[in-house]
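S.K.: Make a model of this:
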Amino acid sequence: RVNPRAVASGRVGPFFYEANGGFLFRRKIDDGSLETGNAFTFGAGAGLFLFDDVLQFGPELWGNHQVSPKWNYTKITPVSGIFGVKVHLGNLAIGVAGGPGLSDAPGVAPRVIATVALAPPTHVVEMARASLDTGNADRDHDGLVDGEDDCPDQAGVTSGVAGQNGCPEKDLAGEVAEKEPDGDGDGVVDKDDACPTDAGVASDDPKQNGCPAKPPPEVVEKPAPQTVEKPAKKVREKPVAKSVRLEALPSPGAEVTFSGFEEHDDGTSRIFVKLSGEVPVEVQVKGTRAEFLLKGATIPARNNKNPLLAQHFGSMVLSARLVPERVHVRHGHGKKKHAGDARLVVVMRRAVTPTSRFETSPDGTTTFVVDFPKPSSEASMNPPEKARAKARPRTERRAHAKANRKARGVEPPPKAVPIDDP
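M.R.: Just a heads-up that it's a prediction; the model follows:
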């Protein structure tokens, strides 16, 4: 017979678990009263460790289900279960378990099991595994790997002394005292101590190494010399040349990186502009037009200047567009510099007051958000003609005006022709 199985097990704190499943391949036998053959096998168990893994207890279940349509479920599925308790005493595990049969299949009966097993504690197994790694082996378990331990079979201390690193502390002290005597006990050995009979401090100066520290010399402060103030000389003022008035250029602000429109399930909508930083904002709402001046913001990407057309959505917004503003500042000898602002222009279906704010995402992105309320009724879904006209693209507005003139029979004005001077 062959019985391949898949096993999953683990431990979370004091709780442990195990489950397995497989398929049993065996020769089919049918004597008329009992049939055996291929079967699915299964098993599961769980339990707890208590008192620092000394006590272990829990239930266990196992069984199989034969692949045969001839017999009913209970006759071809032997299932057994037990509950066991195990005590770990050093490397020895002693346990007892018992339980009833859980089906009517042949071979199922109440069971009582006693176990005696060799089971080293978990930390001993981990230490044994670590010892297999020659680079990290530590035979005396003193925290120093054998490659750096001068006494690999005796637990010691980390001293850094050549030939004694990792050796027992009492042996190290005696060895140091024997090799490097220090009569005054100041930590400087006698051979390097310039004052071997007087306890002192270590010094880079060989003549003062190990000698008592000298008090710093007294510093006598000299009186500051008195100064006599002389009358200041009169300095003839030179005429100041005429200068051009310079106005400070606005400091560069943030850059617009993306803009967009969102329609929410509750009917509200939002226009958002992503920037590289927060900037001052001036808000102006007049009728169905709302403008937000983002001071110091620039629009480096041309695509962000394209209009956002939302007239076909069921929201309060018809269109939105970012328009670069140019502020002319006089600088130098009549020259002009251009400092940039960005103006967000929004056309709405009805005159409402939107709310705006800055939001900062966890990744540091700054977003200027303008929220619009839900339209009040179906009638408000039809924007006024003036607002619809403003929401149309320029080419569509021109075509619409041309069609209106043609329908009214009004010819477009003739183009201006320059007249030559007689």
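
S.K.: Give me the three-state assignment for Glu396.
M.R.: helix (DSSP: H, G, I helix; E, B strand; the rest coil).

S.K.: quick one, helices of this structure?
M.R.: Here the chain has its helices, by DSSP state H, at 73-76, 122-132, 169-179, 385-391, 394-408.

S.K.: any idea of the mean pLDDT for the fourth one?
M.R.: Mean per-residue pLDDT for helix 385-391: 56.

S.K.: re the thing from before, lowest-confidence stretch among the helices of the chain?
M.R.: Set side by side, these differ in mean pLDDT, and helix 169-179 is lowest with a mean of 51.

S.K.: okay, now Gly90: neighbour count?
M.R.: Per other C-beta atoms under 10 Å, the neighbour tally for Gly90 reads 10. In this view, the C-beta of every residue, glycine as well, is placed from N, C-alpha and C.

S.K.: Find the residue closest to Leu61 in space, skipping its chain neighbours.
M.R.: Closest residue to Leu61 apart from its sequence neighbours, by C-beta to C-beta, 6 or more residues apart in numbering: Gly81 at 4.6 Å.

S.K.: which residues does the one you found contact?
M.R.: Pro59, Glu60, Leu61, Trp62, Gly99, Pro100, Leu102 (C-beta atoms under 8 Å, 6 or more residues apart in numbering).

S.K.: Now which of those residues would you call buried?
M.R.: Glu60, Leu61, Trp62, Gly99, Leu102 (16 or more other C-beta atoms under 10 Å).

S.K.: What's the per-residue pLDDT of the residue nearest to Leu61 here?
M.R.: Reported pLDDT for Gly81: 84.

S.K.: ok, now Gln66?
M.R.: What the model reports for Gln66 is a pLDDT of 75.

S.K.: Just confirm it contacts Lys28, I think it does.
M.R.: No: using C-beta atoms under 8 Å, Gln66 is not in contact with Lys28, being 9.5 Å away.

S.K.: Name the nearest of the buried ones among the contacts of Gly81 relative to Val256.
M.R.: When these are ranked by distance to Val256 (C-beta to C-beta), Leu61 comes first, at 65.3 Å.

S.K.: hang on, that closest one packs against Val79?
M.R.: Yes: with contact defined as C-beta under 8 Å, Leu61 reaches Val79; the gap is 7.1 Å.

S.K.: anything in contact with each of those two?
M.R.: Leu102.

S.K.: where does the stretch 251-400 of the chain have low pLDDT?
M.R.: 251-252, 327-339, 377-394 (pLDDT under 70).

S.K.: Which residue ranges of it form strands?
M.R.: 256-263, 269-275, 281-286, 289-294, 308-309, 317-331, 335-348, 355-360, 366-372 (DSSP state E, counting those that start in this stretch).

S.K.: now, of the ones you listed, which is deepest in the fold?
M.R.: strand 269-275 (a mean of 21; mean count of other C-beta atoms under 10 Å).

S.K.: So which residues make contact with that one?
M.R.: In contact with strand 269-275 (C-beta under 8 Å, 6+ apart) are residues 254-264, 294, 297, 308, 310, 313, 315-317, 320, 322, 344, 346, 365-372.

S.K.: and what of stretch 93-111?
M.R.: For stretch 93-111, contacts defined as C-beta under 8 Å, 6+ apart pick out 34, 56, 59-61, 63, 74-87, 112-119.

S.K.: Among the residues you listed, which are located in strands?
M.R.: 56, 59-61, 63, 79-87, 112-118 (DSSP state E).
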